[in-house]
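K.L.:
3D, please:
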Amino acid sequence: QVQLVESGGGLVQAGGSLRLSCTASGGTNNWYTMGWFRQVPGKEREFLAAVSTNHYTLYAQSVKGRATISRDNVKNMVYLQMSSLKPEDTAVYYCAARAGAMINGLDYDYWGQGTQVTVSS
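P.N.:
Below is the predicted model:
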């Protein structure tokens with residue numbers, strides 16, 4: 001059983017940047033593909049980025065060029081660096097893990113509780 005805890009959310013001004021962190025525990029985390037998602041109330045959860053066990057990455061078109069996903073397998077951490085933030089980036093951001101290849105869908109095995117990111121204009 002993998003537990004995921006996100007941190008780093010908060011209030012950011014438009015045009016700013018932030019780095020979200022996800023701490024993984026409870027499993028052999030190096031074996032899992034890790035992903036970041038976000039969700040706005042009333043809308044479907046949206047894939048943002050994924051990183052494979054050997055550091056290959058996959059990005060959604062909506063954040064490509066503004067987001068960088070990375071992982072530290074020693075520290076069991078996954079990060080999402082986002083820049084040029086817009087008010088429409090306001091959402092709850094989730095970290096997730098799956099025992100398989102990178103995908104841009106929602107079929108992940110474990111999810112964190114989420115961290116709120118609010119971008120003010």
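K.L.:
Show me the helices in the protein, by range?
P.N.:
Under the criterion DSSP state H, the chain carries no helices.
K.L.:
any idea how far the spatially most central residue of the chain is from residue 26?
P.N.:
With the centre of the chain defined as its mean C-alpha position, the nearest residue by Cα atoms, centre = their mean is residue 36, 2.2 Å away. Distance, residue 36 to residue 26, by Cβ to Cβ, to the nearest Å: 19 Å. Heads up, the C-betas are built off the backbone N, CA and C, glycines and all.
K.L.:
doesn't residue 93 make contact with the residue nearest to the centre of the chain?
P.N.:
Yes: judged on Cβ atoms under 8 Å, residue 36 makes contact with residue 93 at a distance of 6.4 Å.
K.L.:
Show me the common contact partners of the two, please.
P.N.:
Residues touching both residue 36 and residue 93 (Cβ atoms under 8 Å, 6 or more residues apart in numbering): 20, 48, 80.
K.L.:
Take these and keep only those in strands.
P.N.:
20, 48, 80 (DSSP state E).
K.L.:
So what touches stretch 44-64?
P.N.:
Applying Cβ under 8 Å, 6+ apart, the external contacts of stretch 44-64 come out as 30-39, 67-71, 73, 78, 80, 82, 91, 93-94, 101-106.
K.L.:
Is it possible to mark the buried ones in those?
P.N.:
32-38, 67-69, 71, 78, 80, 82, 91, 93-94, 102, 104 (16 or more other Cβ atoms under 10 Å).
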